[in-house]
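*Asks:* Predicted model and sequence below, questions to follow.
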Amino acid sequence: MNSIKADLDDHHLSLRIAGRFTFQLYKDFSAAYKQFSDKPTSVDVDLGAVEYIDSAALGMLLSMRNHFGTDTKLCLSNANSNVRKILEIARFDKTFQISPSP
């Protein structure tokens, strides 16, 4: 089952994505990070429960980056080896901090 959970705690936004991170999650993903009126100083996108990521999801991550701007620290964390490989091929390590897998 695909899902997105968002929590804002002391200007730190945590997004947890589960299932297949594809275009089907566009509305939910966008709503998850835009729902808070306070701009976070940091965002962690936990990809630990993501089993697949496609190019639309990569675009959604870039749209989130544009929404928050360069002064917000963005981290992609807990990606499995397949998802991490896609992030590296797309050179997301140049735009996001990518935390090691657990």
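*Replies:* Arrived safely, thanks for sending. Numbers count the residues shown, from 1 in each chain.

*Asks:* longest helix of this protein?
*Replies:* Criterion DSSP state H: the longest helix present in the chain is helix 55-68.

*Asks:* and after that helix, which helix or strand comes next?
*Replies:* strand 73-77 (DSSP states H and E).

*Asks:* pLDDT on that following strand, on average?
*Replies:* The pLDDT scores in strand 73-77 average 97.

*Asks:* Buried by neighbour count: which residues of stretch 33-48 qualify?
*Replies:* 33, 40, 43-47 (16 or more other CB atoms under 10 Å). Where you see a C-beta, it was placed from the backbone N, CA and C, and this is true even at glycine.

*Asks:* Just the ones of the residues you listed in helices?
*Replies:* Short answer: these in helices (DSSP H) are residue 33.

*Asks:* now the strands for the chain?
*Replies:* For the chain, the strands defined by DSSP state E occupy 3-9, 12-21, 42-53, 73-77, 97-98.

*Asks:* out of these, nearest to residue 89?
*Replies:* strand 42-53 (11.1 Å; CB to CB).

*Asks:* residues touching residue 33, list them.
*Replies:* By CB atoms under 8 Å, 6 or more residues apart in numbering, the residues touching residue 33 are 6, 13, 15, 43, 64, 67-68.

*Asks:* Kindly apply the preceding question to residue 7 instead.
*Replies:* By CB under 8 Å, 6+ apart, residue 7 lies in contact with 13-14.

*Asks:* low-confidence ranges in the chain?
*Replies:* 101-102 (pLDDT under 70).

*Asks:* partners of the most centrally placed residue in it in the sheet?
*Replies:* By CA atoms, centre = their mean, the chain has its centre lying nearest to residue 45, at 3.7 Å. Residue 45 has these beta-bridge partners by DSSP bridges: residue 15, residue 76.

*Asks:* now the one 5 residues further on
*Replies:* Beta-bridge partners for residue 50, by DSSP bridges, are residue 19.

*Asks:* Count the residues that sit near it.
*Replies:* A total of 23 residues lie near residue 50 under the criterion other CB atoms under 10 Å.

*Asks:* And residue 23, how close does it get to residue 58?
*Replies:* Per CB to CB, to the nearest Å, residue 23 is found 11 Å from residue 58.
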